[in-house]
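*Asks:* Could you look at this predicted model? Sequence included:
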Amino acid sequence: MTTFGKRLKEARKAAGYSQERLGIDAGIEPASASARMNQYEKGVHEPGESTVQQIAAVLNLPAAYFYCEDDGEAHLLQCFHCLKKDDRKQVIDLAESLAFNH
């Protein structure tokens with residue numbers, strides 16, 4: 001299983017979607033939605049950038065989340081994505097102070 005496939009499966013299940021429903025909601029043709037999502041999760045095929053963006057939008061995740069190999073980084077992206085603009089700035093400021101002042 002690819003990193004993309006692993007993240008996709010985890011995010012889909014956490015959001016309570018079936019493969020078919022996620023595919024349809026992401027704009028994939030209903031007749032092939034389930035099969036395509038299954039192939040993406042198994043790493044048989046990789047979706048194009050626009051499809052990744054559509055899947056990410058449905059799951060309320062940043063597209064970069066699906067490519068993070070490290071679980072902690074993926075979780076941080078997921079959390080950051082849900083923050084309001086002002087809160088994001090605070091997180092960035094804190095991260096910079098921790099990363100560059102030690």
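*Replies:* Right, received. Where do you want to start?
*Asks:* How far does the longest helix seen in the chain sit from its chain's centre?
*Replies:* Across the chain, the longest stretch assigned as helix under DSSP state H is helix 85-100. Computed by C-alpha atoms, centre = their mean, to the nearest Å, the chain-centroid distance of helix 85-100 equals 22 Å.
*Asks:* can you list the residues that contact the host helix or strand of residue 58?
*Replies:* Assigned by DSSP states H and E, residue 58 belongs to helix 49-59. Identification of contacts with helix 49-59 by C-beta atoms under 8 Å, 6 or more residues apart in numbering yields 8, 11-12, 15, 17, 22, 25-28, 47, 62-63, 65-66. Where C-beta positions appear, they are placed from N, C-alpha and C, glycine not excepted.
*Asks:* Filter those residues down to just the ones in helices.
*Replies:* Per DSSP H, the contacts of helix 49-59 map to helices at 8, 11, 12, 22, 25.
*Asks:* Residue 36: neighbour count?
*Replies:* With neighbours defined by other C-beta atoms under 10 Å, the count for residue 36 comes to 20.
*Asks:* ugh, wrong one, I meant residue 21
*Replies:* Residue 21, neighbours per other C-beta under 10 Å, totals 17.
*Asks:* what's the spacing between it and residue 67?
*Replies:* Per C-beta to C-beta, to the nearest Å, residue 21 is found 23 Å from residue 67.
*Asks:* repeat for residue 5
*Replies:* Going from residue 5 to residue 67 by C-beta to C-beta gives 11 Å.
*Asks:* One more: residue 31?
*Replies:* In this view, residue 31 and residue 67 are 28 Å apart by C-beta to C-beta.
*Asks:* Compare neighbour counts for the two and give me the winner.
*Replies:* Neighbour totals were compared for residue 31 and residue 67, and residue 67 leads with 15 against 9 (other C-beta under 10 Å).
*Asks:* how close does that one get to residue 61?
*Replies:* Noted for residue 67: a distance of 11 Å to residue 61, by C-beta to C-beta.
*Asks:* Now do the contacts for residue 26.
*Replies:* Taking C-beta under 8 Å, 6+ apart, one finds 51, 54, 55, 57, 58 in contact with residue 26.
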